[in-house]
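Student: Okay, predicted coordinates and the sequence, questions at the end:
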Amino acid sequence: MSFSNLTGNERSRHVLQRLLDRGRIGGTMIFAGPEGVGKRQFALMFAKSANCLKPGPAGVFANDCCDQCSNCRRIDSATFGDVTTIQPDGQFIKIAQTRAIAEDVYYRPREGRQKFYIIDRAEALREEAANSLLKTLEEPPPTSTIILITSRPDSLLQTIRSRSQRLNFTPLTIPQMEKFLNQHYPRPAEDNALLARITEGRIGQATAFDLSVYRQQRKSLIEILDLIASGDNRYRLIKAAEYLGKKERDEFEKDLELLARLMRDMLLLASGAQPDAIVNLDAADRLQPLAIKIGLDRLIIWIEKFNQLRSNLRVNINRQIATEAAFLHLAGKV
Ligand SMILES: [Zn+2]
């Protein structure tokens, strides 16, 4: 990946390109923004452009990496000696890890022009470890660049924040994301449209997302909603609640989130909203008639009751009983 073939976060791209143009790439930076919006990708592209053997103009960028030379390829495969990525060892980034940076940072680059230390999940820096880095962060040599990647920039020590240049990263808009996916991940446009909506423009999540699992799960949840709408089969309703309630907590919460999204989509479909607003547009042929079957008024009540259920379930230990009670209630059985 290079600067010119990435989409979104224009401001950050231009800031990084300006630094490359001026040759002022040493120092400490914070890349802040939610998970999955491309912060790591940007850090690697910056490191590649600074070390590329054939950097050159591409698109509007004067100093983009070639993405082909041995340095670019080795940075991509994490085998380049001058680009080091540090991740939490367990829950935290430990002092031994930060000491290793503090010692290494003053040596000249071994194989490239600029050394990079990319500290992933920098919010996991404990105070002691962070303190051991302060001097390094304050004044890294010009041939070293330290990038702190974090979704919680406010949790970093104020002394670190004040010494770093901060770049903010945001999710792509849905049309930007669709365009990007269609260019780089050839699959049916309908699939990319769905992925862009489900992940709300977070590239990192979209690339690892399994759509077939999602569609399978969506199918069973739509059947459950249909069953509740019919309200005539108590036994099957209890079975459905059992099926959901038995899942691991994470999986269960994902299902609740998807159920909430399906109800919201049905409400939008039933009230004639713009197709752009509907996440599961590819399932409209199933959701539209179901929305009519449930009816707009009842759907609004369902969404309200369902929100209550979600907050109850966060504290309720017996998921199965709570789900069963909610389903029977929504179906008008109790
Ligand atoms: Zn290159």
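Tutor: Everything's here; your move. From a predicted model like this one, the values you see are computed outputs, not experimental measurements. Numbering: from 1, shown residues only.
Student: The nearest residue to residue 177 once chain neighbours are set aside is in what secondary structure piece?
Tutor: Nearest in space to residue 177, with sequence neighbours left out and distances taken as C-beta to C-beta, 6 or more residues apart in numbering, is residue 196 at 3.9 Å. C-betas here are computed from N, CA, C, even on glycine. Assigned by DSSP states H and E, residue 196 belongs to helix 189-198.
Student: Keeping just the C-alphas, turn that helix into CSV.
Tutor: This file holds the C-alpha atoms of helix 189-198, laid out as CSV (Å, rounded to 0.1, in the frame of the first residue of the first chain):
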residue,chain,number,x,y,z
ALA,A,189,-20.4,-4.5,-5.3
GLU,A,190,-23.4,-5.5,-3.2
ASP,A,191,-20.9,-7.2,-0.7
ASN,A,192,-18.6,-4.2,-0.5
ALA,A,193,-21.6,-1.9,0.0
LEU,A,194,-22.7,-4.2,2.9
LEU,A,195,-19.2,-4.3,4.4
ALA,A,196,-18.8,-0.5,4.3
ARG,A,197,-22.1,-0.1,6.2
ILE,A,198,-21.6,-2.8,8.8
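Student: Against which helices or strands is whichever helix or strand comes after it packed?
Tutor: Next helix or strand after helix 189-198 toward the C-terminus (DSSP H and E): helix 203-207. Under the contact criterion of 3 or more C-beta pairs under 8 Å, 6 or more residues apart in numbering; DSSP states H and E, helix 203-207 touches helix 39-51, helix 174-184, helix 189-198.
Student: Out of the ones you listed, which gets nearest to the ion?
Tutor: Nearest to the ion, of all the helices and strands packed on helix 203-207, is helix 39-51, at 6.2 Å by C-beta to the ion.
Student: buried stuff in the next helix or strand after the closest one?
Tutor: Per DSSP H and E, the first helix or strand lying C-terminal to helix 39-51 is strand 56-58. Neighbour-count burial for strand 56-58 flags residue 58 (criterion: 16 or more other C-beta atoms under 10 Å).
Student: Direction included, what does strand 56-58 pair against?
Tutor: Sheet pairing of strand 56-58 (DSSP bridges) gives strand 61-64 (antiparallel).
Student: Flag every residue of the stretch 51-200 of the chain that's near the ion.
Tutor: 52, 65, 66, 69, 72 (C-beta under 5 Å from the ion).
Student: Output those in CSV, with pLDDT, distance to residue 303 and neighbour count appended to each entry.
Tutor: Below are these laid out as CSV (pLDDT from 0 to 100; distance: C-beta to C-beta, whole Å; neighbours: other C-beta atoms under 10 Å):
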residue, pLDDT, distance to residue 303, neighbour count
52, 95, 52, 24
65, 94, 48, 30
66, 93, 51, 17
69, 96, 54, 16
72, 96, 49, 25
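Student: okay, among those residues, which ones form the most distant pair?
Tutor: 65 and 69 (8.1 Å; C-beta to C-beta).
Student: what do these two both touch?
Tutor: residue 52 (C-beta atoms under 8 Å, 6 or more residues apart in numbering).
Student: Can you give me the neighbour number for the residue of the stretch 101-250 of the chain found nearest the ion?
Tutor: When scored by C-beta to the ion, the stretch 101-250 of the chain has residue 112 as its residue closest to the ion, at 10.3 Å. Neighbours of residue 112 under the rule other C-beta atoms under 10 Å: 21.
Student: Okay, it and residue 281: tell me how far apart.
Tutor: Separation of residue 112 from residue 281 (C-beta to C-beta, to the nearest Å) stands at 46 Å.
Student: following the helix or strand where residue 100 lies, which helix or strand shows up next?
Tutor: Assigned by DSSP H and E, residue 100 belongs to helix 95-104. Next along the chain after helix 95-104, taking DSSP H and E as the criterion, comes strand 115-119.
Student: which residues in the stretch 201-334 of the chain form helices?
Tutor: 203-207, 211-230, 234-245, 249-270, 284-294, 296-315, 319-330 (DSSP state H, counting those that start in this stretch).
Student: Next, format the ones you listed as TSV and append mean neighbour count, distance to residue 38 and mean pLDDT.
Tutor: Formatted as TSV, these follow (neighbours: other C-beta atoms under 10 Å; distance: least, C-beta to C-beta, whole Å; pLDDT from 0 to 100):
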stretch	mean neighbour count	distance to residue 38	mean pLDDT
helix 203-207	19	5	84
helix 211-230	16	20	95
helix 234-245	16	34	91
helix 249-270	18	23	92
helix 284-294	17	30	94
helix 296-315	14	30	86
helix 319-330	19	35	88
